[in-house]
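[1] this is a predicted model, with the sequence first.
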Amino acid sequence: MVADCTTVWNDCLEIVKESVGEENFNTWFKPIVPLRVEGDVLTIQVPSQFFYEWLEDNYVNVLKKAVHKAIGPDGRLEYSVIVDSGNTQNPPVTVNYPNGINGKRANGNNSDYSPFTFRALNPQTINSRLNPSYSFDNFVEGDCNRLARSAGVAVAKKPGVTSFNPLMLYGGVGVGKTHLVQAIGNEIKANMPEKIVLYVDQNDFTTQFLNALQNHKLQEFQNFYLQVDLLILDDVQFLAGREKTQEMFFHIFNQLHQSGKQVIMTSDCPPRDMKGFQERLLSRFKWGLTADLQEPDFETKLAIIHRKMQADGIAIPTEVAEYLAYSVDTNLRDMEGVLNSLIFHATLLKKEIDLDLAKEVLKNIIREIQSDVSVDFIQKIVSEYFKVDLEAMKGKMKKREIVIPRQVAMYFCKRYTQLTLALIGENFGGRDHSTVIHALESVEDMMKTDSNFKVSVEELGKKLKMRMN
Ligand code: ADP
Ligand code: MG
């Protein structure tokens, strides 16, 4: 009997479809590629060892029936298993196994092979490792996170269905990556209780993987992850240099992605800058949407402060909130620490939250996180950067090319020194604190509207930080 393999395989699929649900069909049968028919043997290519084992363990009878109907009573199936999907230089490596139609499953050449016992995860009882206090509601939207947030909302509405798969969020410390991805997880869990949601940070993942490796439980490990509908892997940058863990993640990722499951990752930098990763993995990271979260601007910080205090039922005067939004400029985790301390003072010590209390708290917490740097130093670096005369910058001249560097220098004095607004004003030709506030606001505004200016300020910030350490 001579027939082309695609036709034979399509006949098989017709029969398989009758006994397998649509979702399983898409997951386990769609990815299969028919390779050839020789005599009574149909060879199909499957994406991995795990895939092959799964088919054999769960669908052996269905396949048997299908092949018998399509080829005849002597029909047999052979698997070509991709054990390494290769790259541009190297073709994929495959191993062939007969299927169990005429006997027990072959063990292949893997002496460590241990049959896994399938533990079905239950969406109701699974510990998703989500922190229920992270939601979209308490995630403040700002220019700094708008794209990432919208993408998150879209994914939460239709996990696995949008083109945002994988969704890769990146940004520095404390910009809200973990909050946002957990909000997505919580939302999906609440609205789609049938979905299996799992949040893991890289540490959980790596530890579990190493355990599985030592105990020859890799199949169970994969098997566990392949049941998940939404996989969130936080801080993926820490997988750098971990070849084996990456390899495993690569397989899990591919199979989840192939079967329309949603993958979300976070990282401290965009995929193009990630070091110590296999190229093929990085290219996968870019398949969906990559969105960054930036350090929050003044307004967003202000809103975050109000939101957090409100949630704790504590009133915070506007001037205190503004003072904090300006003063805590390391990251939002430090802000969280400051706010918690304020809440502690207000509730347990029954102190009123005012500027004095805020300053006291800040002094205790922020001292360690703000490096000391002198106004002179900032003025010098800024004037050099903008190529303006140092004395003119410190003086009263109102020319625009002097005013802007002056405002930028004030901005950095606020960020990197402990000085009050009034004292900063003193250092710039005896200006008063409202002029300094105006300068800070102008810089913030210009950063929003003028991307070149923003880049300059960020560059300067880096220069200053570098010299501070
Ligand atoms: P990352 O994972 O990027 O390091 P986190 O998600 O842990 O940052 O955020 C640090 C803290 O700041 C958390 O307490 C988080 O709730 C809070 N936070 C960050 N961004 C926002 C935001 N946009 N709205 C409200 N809270 C935020
Ligand atoms: Mg985080």
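    Good, I have the coordinates. Numbering: from 1, shown residues only. Ligands and ions are numbered 1, 2, ... in the order given.

[2] domain boundaries for this protein, per the record?
    Annotated domains of the chain cover 2-98, 146-292, 298-362, 375-468 [automatic domain parsing].

[3] can the longest one be found next to ligand 2?
    To tie it back to what came earlier, the one meant is domain 146-292. Yes - using CB under 5 Å from the ion, domain 146-292 reaches ligand 2 at 177-178. C-beta coordinates here come from the backbone N, C-alpha and C atoms, glycine included.

[4] end to end on that domain, go ahead and measure it.
    9 Å (CA to CA, to the nearest Å).

[5] check whether it comes near ligand 1.
    Yes - residues of domain 146-292 contacting ligand 1 under CB under 6 Å from any ligand atom: 171, 173-179.

[6] distance between the ends of stretch 284-298?
    35 Å.

[7] buried sites along it?
    Residues 284-285, 288-298 are the ones in stretch 284-298 that count as buried (16 or more other CB atoms under 10 Å).

[8] returning to what we had before: and the domains of the chain, which is most packed in?
    Across the domains of the chain, averaging neighbours per residue (mean count of other CB atoms under 10 Å) puts domain 146-292 on top, at a mean of 19.

[9] what about that one, average pLDDT?
    Averaged over domain 146-292, pLDDT sits at 92.

[10] same question, stretch 34-51
    The average pLDDT within stretch 34-51 is 84.

[11] kindly export that stretch (C-alpha atoms) in CSV.
    This file holds the C-alpha atoms of stretch 34-51, laid out as CSV (Å, rounded to 0.1, in the frame of the first residue of the first chain):
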residue,chain,number,x,y,z
PRO,A,34,3.9,13.0,9.7
LEU,A,35,7.3,12.0,8.2
ARG,A,36,6.9,9.0,6.0
VAL,A,37,5.0,5.8,5.4
GLU,A,38,7.1,2.7,4.6
GLY,A,39,5.2,-0.5,4.1
ASP,A,40,2.8,-0.7,7.1
VAL,A,41,4.8,1.7,9.2
LEU,A,42,3.8,5.3,9.6
THR,A,43,6.5,7.5,11.2
ILE,A,44,5.5,10.7,13.0
GLN,A,45,7.7,13.3,14.5
VAL,A,46,6.9,14.5,18.0
PRO,A,47,8.5,17.5,19.7
SER,A,48,10.1,15.8,22.7
GLN,A,49,10.7,12.7,24.7
PHE,A,50,8.1,13.8,27.2
PHE,A,51,5.6,14.2,24.4
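
[12] can you list phi and psi of the closest residue to residue 166 other than its chain neighbours for me?
    Counting by CB to CB, 6 or more residues apart in numbering, residue 166 lies nearest to residue 263, which is 4.1 Å off, once chain neighbours are set aside. Here the main-chain torsion angles of residue 263 (degrees, to the nearest 10) amount to phi -120, psi 130.

[13] then the one 4 residues further on?
    When read as degrees, to the nearest 10, the backbone of residue 267 gives phi -160, psi 160.

[14] distance of it from ligand 1?
    Counting by CB to the nearest ligand atom, to the nearest Å, the separation of residue 267 from ligand 1 is 10 Å.

[15] would you point out the most distant pair within the buried residues of stretch 284-298?
    Largest separation among these by CB to CB: 284 and 298, giving 37.1 Å.

[16] partners of the longest strand belonging to the chain, with directions?
    Longest strand of the chain, by residue count under DSSP state E: strand 76-84. Strand 76-84 sits in its sheet next to strand 41-46 (parallel), strand 93-98 (antiparallel), going by DSSP bridges.

[17] so how far is residue 464 from the residue nearest to residue 456 when sequence neighbours are not counted?
    Residue nearest to residue 456 in three dimensions, not counting chain neighbours: residue 385, with 7.5 Å by CB to CB, 6+ apart. Counting by CB to CB, to the nearest Å, the gap from residue 385 to residue 464 is 10 Å.

[18] repeat for residue 212
    Noted for residue 212: a distance of 46 Å to residue 464, by CB to CB.

[19] now residue 57
    Residue 57 is 60 Å from residue 464, where distance means CB to CB.

[20] for the stretch 1-150 of the chain, which residues score under the pLDDT cut-off?
    Within the stretch 1-150 of the chain, the set of residues satisfying pLDDT under 70 comprises 1-2, 49-50, 83-120.

[21] for it, which residue gets nearest to ligand 2?
    Distances between the stretch 1-150 of the chain and ligand 2 by CB to the ion are smallest at residue 134, namely 10.5 Å.

[22] can you pull the contacts of that residue?
    Residues in contact with residue 134 (CB atoms under 8 Å, 6 or more residues apart in numbering) are 178-180, 182-183, 186.

[23] ok, now residue 54?
    Contacts of residue 54 by CB under 8 Å, 6+ apart are 28, 223.

[24] that's a strand at it, yeah?
    No - using DSSP: H, G, I helix; E, B strand; the rest coil, the secondary structure at residue 54 is helix, not a strand.

[25] for the residue of the stretch 251-400 of the chain found nearest ligand 2, list each beta-bridge partner.
    Distance from ligand 2 to each residue of the stretch 251-400 of the chain (CB to the ion) is smallest for residue 266, at 6.4 Å. With beta bridges defined as DSSP bridges, residue 266 has these partners: residue 169.

[26] so residue 200 sits in a helix?
    No - remark: residue 200 does not belong to a helix; assigned using three-state DSSP, it is strand.

[27] so it makes contact with residue 130?
    No - Residue 200 lies out of contact with residue 130 (CB atoms under 8 Å); the separation is 10.7 Å.

[28] now do the SS call for residue 269.
    Strictly by three-state DSSP, residue 269 counts as coil.

[29] report the contact partners of the closest residue to it other than its chain neighbours.
    Residue nearest to residue 269 in three dimensions, not counting chain neighbours: residue 170, with 5.8 Å by CB to CB, 6+ apart. Each residue near residue 170 by CB under 8 Å, 6+ apart is listed here: 177, 266-271, 290-293.
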